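**Q** Give me coordinates for this.
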Amino acid sequence: MSAPGPLSIAEESWRDHTRLSNGAAVERLIETTAGVQETFGYLVKVGAEECEIVMTVAGRHLNIADNLHGGVVCTLLDAACSYACVRHADPRMAVPVVTLSLTTQFVGTVQQGRLLTRARVLGGGRKTLFAEGEIYSQDGRLLAKANGNWKLLQRRTESDGDGTARARSLG
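**A** This next block holds a predicted model:
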């Protein structure tokens, strides 16, 4: 993936974008008020070949040295790669995945501004996918790269007795 250059995401309404930074159409925009996405405050844009996450750095994302915390960087890379794997496995995004491994290389940091995390699937098979991701600062600097493996899970059609469907491993 090539560096996107300075981000052109409007401060007042970045959730209205219908294109990824590479110009591809956004198939699905994911906003949620649950879990880590709500805690971190990011937006997920899913395209046919790539996934992007956009987030504005806030005080809660910084470490004791007032730099973007490495755990936040890893979380964004993991989430973007996971969404890319989910989309790759099933265009309806109905197949959940779990991370088997994630290797991250940190090359820079920021204290503020917007972040762009991009991810794509490199390949894989019926049970495991391989993906890579990059995270960029608002001025287009590469902050970190990651690659890893994700295991595909399969939705059960029956419930677990309490009315909720549970995921189970394909293998």
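**Q** which residues are in contact with stretch 66-74?
**A** Contact partners of stretch 66-74, identified using C-beta atoms under 8 Å, 6 or more residues apart in numbering, comprise 40, 57, 61-63, 102, 104, 106, 109-111, 115, 135, 143-144, 146. No exception for glycine: its C-beta is placed from N, CA and C like everyone else's.
**Q** tell me which residues in that stretch are buried?
**A** Within stretch 66-74, the residues scored as buried using 16 or more other C-beta atoms under 10 Å are 68-69, 72-74.
**Q** how about those, which pair is most distant?
**A** Using C-beta to C-beta, those reach their maximum pairwise distance at Leu68 and Cys74, which is 10.9 Å.
**Q** rewinding a little: Lys151: which of the buried residues of stretch 66-74 is nearest?
**A** Nearest to Lys151 among those, with distances taken as C-beta to C-beta, is Cys74, at 18.0 Å.
**Q** Surely the closest one forms part of a helix?
**A** Yes. Counting by DSSP: H, G, I helix; E, B strand; the rest coil, Cys74 is located in a helix.
**Q** Now do it against Leu100, distance only.
**A** Distance, Cys74 to Leu100, by C-beta to C-beta, to the nearest Å: 15 Å.
**Q** Then Cys51?
**A** Taken as C-beta to C-beta, the span from Cys51 to Leu100 is 18 Å.
**Q** Great, nothing more from me.
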